[in-house]
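Student: My questions are about this predicted structure, shown below with the sequence.
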Amino acid sequence: MSGASDDAKLVDSAQRGDRSAMAEIYERHHSAIYRYIYYRVGDASTAEDLTGTVFVRVVEHIDGFVYRGHPLLSWLYTIARNVVVDHHRRTSEPTIMPLDERLLTGPVDVEGAADRALVQRQLAVALSRLTDDQRQVILLKFIEEMSNQEVADVLGKTVGAVKSLQHRALAALHRVLSTGVA
Amino acid sequence: MKDHVDGILDDCLTQVLSGAVSLEDCLSRYPEQAEELRPLLDLGVRVSGVERPEMAASASGAARERMLAALAQKQPRGQRDTLSLRAAAANLVAWLGGAGRRDTLHKRTLAIGATAALVVLLLTVVPAVVLEMTRSAVVGQMAVMTDVAGVVEIQKGSSDTWRPANSGTVLLSGCRIRTSDLSGATLTFFDGSRTILASQTELGVDELSSRRDGAGRTVVLYQWVGQTENQVERLVDSTSRFEIHTPTAAAVVHGTEFIVSVAQDGTTGVSVVEGIVGLSSGGATQLLSAGQFASVLPASALPESTPTATAVPMETAEPSSRSELAAVRKSILAGGLAEGTAWDEATPTVTSSTATPAPTATWEVSEDAEARADPEHPEHPEHPEHPEHPEHPEQSERPDEPPGKKE
């Protein structure tokens, strides 16, 4: 994860129209943004398209962004969340398919990439049943492998609140997966 | 108590995920919480083991280009440094008051006067100039490729390399696109206009731009070969234009839908589905309305004798000049020809300016454009755009053959 001073410099350069600074922001964060979106929409192609939209919005709005010490990624997640909401509004319904339907239509003996994709989609469906904060803490801790302090910085919470949220999120995810609510 | 359990769970997760201890070892330290923690720890470990979804390299590159294209359209903040009134006034005073002038009162008077003059200047002249410069500044625009099917490749700017293109690929001025067999793609331009490329088509994007105030929207394409279907948004002002040049002709458009076909020998066919298209070749232009079809033959493809009823010799095979295209656009925008008005073949508007020109291209205009432009047309599958092509003389013998139905 990039340091605060790094973020401040990057933002400043990007606000002055520095192409390489914008490219650096993209390189650092596009994977995390893509995964965030993927686990919200459950479809790789849609997630790729929406990731591009997020960074176009970054370009459009970075002039108005005021760096206050929070990680830049935190702002990017906010934009990504809005882009996903807009997407769902446009398509009128989430693109995620119910878990049981995925399982029914999936191959019986899944291996390799197909197996991984299926697990990813199952996780996406299950995560879609959590609250924003719960989903975010799972992604940041277990997918992005951030420390509690980093998660706290991104979410704007204390480390203690992150630990508590992590507990609730895992319990909720366990409930969803074990009861087949997804 | 709950905080305590939160801490134990986090502690166990940290240690287990780092490989410092096993899950069982960690739980054995907290026997009272083991039952509650076991499924959560197990789930945490399993989620951590899920392979992280990654963006496809091509999609990532396309998204990056979209972002940089958006950046290119912005005026960098650093180049918009605000004028410091105080600093400017101070510099002016320093300049005026130099050469050993020591009278403080005089300096103060000068400073007030200079500041006042700068204020007047800034409030009157500068905003007007800046506003006009900002509005009239031309900025580069973009198009986005969608509905990619089969093999579609792009050649960017100065590069000689053809690379695979995907849905989402951003196109800027100077790039070139080609489609292979059973392939196709759609280009959606910044103004909402769309160009659909059929298979075996090669198209250059010569210019994509507009003024900063939204006027002067310009799309200029060069179609080397193949077929395109073009749906053009109504142009917002007289300086906007949508043009497709080919080796033998140029089509100038005003809010319409039309099809352009370019055969391997350069023969250009234009079919108008809706609206009006100004078709230019050499020194002449022709307005085509809905349902009309025109073809322009290159010099090398001219038959021994050309049909006199529908053919008008052209002066040159070079693409039309900007002034000629502008004249067509002006006549269209001036309302000289209402939409849907059919061009009268008996009184062609295209004439040669020389008494005995050496014909290098030939016009042919006919009705029933859709049928002639249909690539699935059974009578002339290889040259649907020009059924009377010299290589297909049999077509000229059957001019009344029923046209195929466009899907």
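Tutor: Right, received. Where do you want to start?
Student: In contact with B:L68, which residues?
Tutor: If you count contacts by CB atoms under 8 Å, 6 or more residues apart in numbering or on different chains, B:L68 has them with A:19, A:22-23. Every C-beta, even on glycine, is put in place using the N, C-alpha and C of the backbone.
Student: Before we go further, it is sitting in a strand, right?
Tutor: No. Read with DSSP: H, G, I helix; E, B strand; the rest coil, B:L68 is helix and lies in no strand.
Student: Mind pulling up the pLDDT for it?
Tutor: What the model reports as pLDDT for B:L68 is 89.
Student: for A:V154, same thing?
Tutor: pLDDT at A:V154 comes out at 91.
Student: which helices and strands sit right next to the helix or strand containing it?
Tutor: Assigned by DSSP states H and E, A:V154 belongs to helix A:148-155. If contacts are counted by 3 or more CB pairs under 8 Å, 6 or more residues apart in numbering or on different chains; DSSP states H and E, helix A:148-155 sits against helix A:72-91, helix A:132-138, helix A:159-179.
Student: out of those helices, which comes closest to B:T268?
Tutor: Closest of the helices and strands packed on helix A:148-155 to B:T268 is helix A:72-91, at 39.3 Å (criterion: CB to CB).
Student: For that closest one, which outside residues touch it?
Tutor: A:1-2, A:7, A:10-11, A:25, A:29, A:32-33, A:36-37, A:40-41, A:46, A:50-51, A:53-54, A:57-58, A:61, A:65, A:94, A:132, A:136, A:153-156.
Student: what's the answer for stretch B:151-169, then?
Tutor: Stretch B:151-169 is contacted by residues A:48-49, A:52, B:58-59, B:62-63, B:65-66, B:144-148, B:171-172, B:174-181, B:183-185, B:197 when judged by CB under 8 Å, 6+ apart.
Student: Show me what counts as buried in it.
Tutor: B:152-156, B:165-169 (16 or more other CB atoms under 10 Å in any protein chain shown).
Student: residue in chain A nearest to chain B?
Tutor: Residue of chain A nearest chain B, by CB to the nearest CB: A:G17 (2.3 Å).
Student: is it fair to say that residue lies in a strand?
Tutor: No. According to three-state DSSP, the state of A:G17 is coil, so it is not within a strand.
Student: Test my guess that it contacts B:L71.
Tutor: Yes. Taking CB atoms under 8 Å as the definition, A:G17 is a contact partner of B:L71 at 7.0 Å.
Student: can you list the weak-confidence ranges in chain A?
Tutor: Where chain A drops to pLDDT under 70, the residues are A:1-5, A:92-118, A:180-182.
Student: And it, split by domain according to the record?
Tutor: Using automatic domain parsing, the domain ranges for chain A come out as A:1-95, A:97-182.
Student: Pipe these into a markdown table and attach mean neighbour count per row.
Tutor: Converted to a markdown table, the domains of chain A look like this (neighbours: other CB atoms under 10 Å in any protein chain shown):
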| stretch | mean neighbour count |
| --- | --- |
| domain A:1-95 | 18 |
| domain A:97-182 | 17 |
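Student: of those, which approaches B:A116 most closely?
Tutor: Smallest distance to B:A116 across those (CB to CB): 32.2 Å, for domain A:1-95.
Student: Chain neighbours aside, what residue packs nearest to the residue positioned nearest the centre of chain A?
Tutor: Nearest residue to the geometric centre of chain A (CA atoms, centre = their mean): A:Y36, 1.7 Å. Excluding the flanking residues, the one nearest A:Y36 by CB to CB, 6 or more residues apart in numbering or on different chains is A:A80, at 5.3 Å.
Student: Close to chain A: what parts of chain B are there?
Tutor: B:2-3, B:5-7, B:9-10, B:13, B:39-40, B:43-44, B:47-48, B:50-56, B:59-60, B:62-64, B:66-68, B:70-71, B:74-79, B:167-168 (CB under 8 Å from any CB of the partner chain).
Student: Pull the contacting residues for the residue in the stretch 251-400 of chain B positioned nearest to chain A.
Tutor: In the stretch 251-400 of chain B, the residue that lies nearest chain A is B:E257 (25.6 Å; CB to the nearest CB). B:E257 sits next to B:229-232, B:272-275 when contact means CB under 8 Å, 6+ apart.
Student: again, but for B:M67
Tutor: With the criterion set at CB under 8 Å, 6+ apart, B:M67 makes contact with A:22, A:26, A:52, A:55-56, A:58-59.
Student: Max pairwise distance over those: which two?
Tutor: Top of the distance list for these (CB to CB): A:M22 and A:G52, 13.3 Å.
Student: thinking B:V253 is in contact with B:V277, fair?
Tutor: Yes. With contacts counted by CB under 8 Å, B:V253 reaches B:V277, the gap being 5.5 Å.
Student: Checking the closest residue to chain A within the stretch 101-250 of chain B next. Helix, strand or coil?
Tutor: With CB to the nearest CB, the shortest gap between the stretch 101-250 of chain B and chain A falls at B:G168, namely 6.0 Å. At B:G168 the chain is in coil, as set by three-state DSSP.
Student: quick one, phi psi at A:I37?
Tutor: Recorded main-chain torsions at A:I37 are phi -70, psi -40, according to degrees, to the nearest 10.
Student: contacting residues around it?
Tutor: Contact partners of A:I37, counting by CB under 8 Å, 6+ apart, are A:46-47, A:50-51, A:54, A:80, A:83-84.
Student: Which of the helices or strands spans the residue nearest to it when sequence neighbours are not counted?
Tutor: With sequence-adjacent residues excluded and distances taken as CB to CB, 6+ apart, A:I37 is closest to A:A47, at 4.4 Å. Taking DSSP H and E as the criterion, A:A47 maps to helix A:44-61.
Student: Including distance to chain B, could the contacts of B:L68 go into CSV?
Tutor: Listed next are the contacts of B:L68 as CSV, based on distance: CB to the nearest CB, whole Å:
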residue, distance to chain B
A:R19, 6
A:M22, 5
A:A23, 7
